[in-house]
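Enquirer: Below is the sequence, then the predicted model.
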Amino acid sequence: MRFNEVENIIKTIDGWLTRYEARYLYLLAQLGPAHGVIVEIGSWKGKTTIALAHGSKAAGREQIYAIDHHEGGPDQEKFGHTEVNTEKEFRHNIALAGIEESVVPMVMKSNDAVVGWQKPIRLLWIDGDHRYEGVKNDFLMWEPHVVEGGVIAFHDTFAWDGPRRVVEEYVLRSNRFSILGFVDGITAVRKVAKLTPLKKMKNGLLLFLRRLYILGRQHTLPGAIRKCTKHAMRAIASVR
């Protein structure tokens, strides 16, 4: 499926994902660098899973390992989702989207799923527990399995304190990651052996725009700055 067809499916599914984020995930799965499987931490009802799986399937690429215990948590409770179990709805949505063969559901917590894990990962999508310790643990446990040249993408890296802090402390300050882009709430980076001068320049530009965007969100700068930088970051974002 092309993205516009995928979009028609996922917009009917409960979840938190903008159109631009969905398209970026689709492209990362379809055109992203390196070889290996795709691992998704946090599936909820399958919105991001479908974008990733159809992107990969469009290029005849790898399966998606969708990790989620489907029992919700503090993040979902903030929106009134208590005592939930989304596994049945997740599987229904995956079947409806025609990607059952492309998705391997792992109904468990990410710290259990990583035990004994041996498959190389080319794209790691972190969108599970949004508390600081949860995001940090997901990153530290799974990052070693991402191949050199592979991509790590985080969700909600502006609006949520946990993902934002982990990205700032462990990713953006490191010389091991080249920034691919900031698309709405997504921060995507590529794992590299060494940053080239060109990649350092791009990192610097994107970090400057990110800073302007954050200042706009905090109302330190005019709202127009926030809108302009958001559009600029979307335009500059790449998948390789």
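Expert: Sure thing, it's come through.
Enquirer: Longest strand in the protein, please.
Expert: Counting by DSSP state E, the longest strand found in the chain is strand 146-154.
Enquirer: Helix, strand, or coil at Leu221?
Expert: coil (DSSP: H, G, I helix; E, B strand; the rest coil).
Enquirer: That one against Ile214, yeah?
Expert: No - Leu221 is beyond contact range of Ile214, at 9.3 Å (criterion: C-beta atoms under 8 Å). Glycine gets a C-beta too; all of them are placed from N, C-alpha and C.
Enquirer: Distance of Ala59 relative to Gln30?
Expert: 5 Å (C-beta to C-beta, to the nearest Å).
Enquirer: the more surrounded of these two?
Expert: Each of Ala59 and Gln30 has its neighbours counted (other C-beta atoms under 10 Å); Gln30 has more, 18 against 11.
Enquirer: That one sits in which helix or strand?
Expert: Per DSSP states H and E: Gln30 is located in helix 19-31.
Enquirer: Now do the next helix or strand after that helix, average pLDDT.
Expert: Next helix or strand after helix 19-31 toward the C-terminus (DSSP H and E): strand 37-41. Looking at strand 37-41 alone, the average pLDDT works out to 98.
Enquirer: elements contacting strand 37-41?
Expert: In terms of contacts (3 or more C-beta pairs under 8 Å, 6 or more residues apart in numbering; DSSP states H and E), strand 37-41 is packed against helix 47-58, strand 64-67, strand 121-126, helix 132-142.
Enquirer: mind checking the SS state of Tyr214?
Expert: One correction, residue 214 is Ile, not Tyr. Under the three-state scheme (three-state DSSP), Ile214 adopts helix.
Enquirer: quick one: which of the helices and strands packed on strand 37-41 is nearest Lys194?
Expert: strand 121-126 (19.3 Å; C-beta to C-beta).
Enquirer: Counting by contacts, list what that closest one packs against.
Expert: Using 3+ C-beta pairs under 8 Å, 6+ apart, strand 121-126 is in contact with helix 19-31, strand 37-41, helix 47-58, helix 132-142, strand 146-154.
Enquirer: how big is the angle separating it from strand 146-154?
Expert: 30 degrees (axes from the mean of the first three to the mean of the last three C-alpha atoms, to 10 degrees).
Enquirer: shift numbering so it begins at 137
Expert: New numbering, starting at 137: the last item is strand 257-262.
Enquirer: Distance from the chain centre to strand 257-262, please.
Expert: Centroid separation between strand 257-262 and its chain, computed with C-alpha atoms, centre = their mean, to the nearest Å, is 8 Å.
Enquirer: C-alpha coordinates for it, PDB please?
Expert: Output in PDB follows, covering the C-alpha atoms of strand 257-262 (Å, rounded to 0.1, in the frame of the first residue of the first chain):
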ATOM      1  CA  ILE A 257      17.800  -4.500  14.500                       C
ATOM      2  CA  ARG A 258      17.800  -1.900  11.700                       C
ATOM      3  CA  LEU A 259      15.000   0.200  13.200                       C
ATOM      4  CA  LEU A 260      14.100   0.500  16.800                       C
ATOM      5  CA  TRP A 261      10.900   2.500  17.700                       C
ATOM      6  CA  ILE A 262      10.600   3.400  21.300                       C
END
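Enquirer: Okay then, goodbye and thanks.
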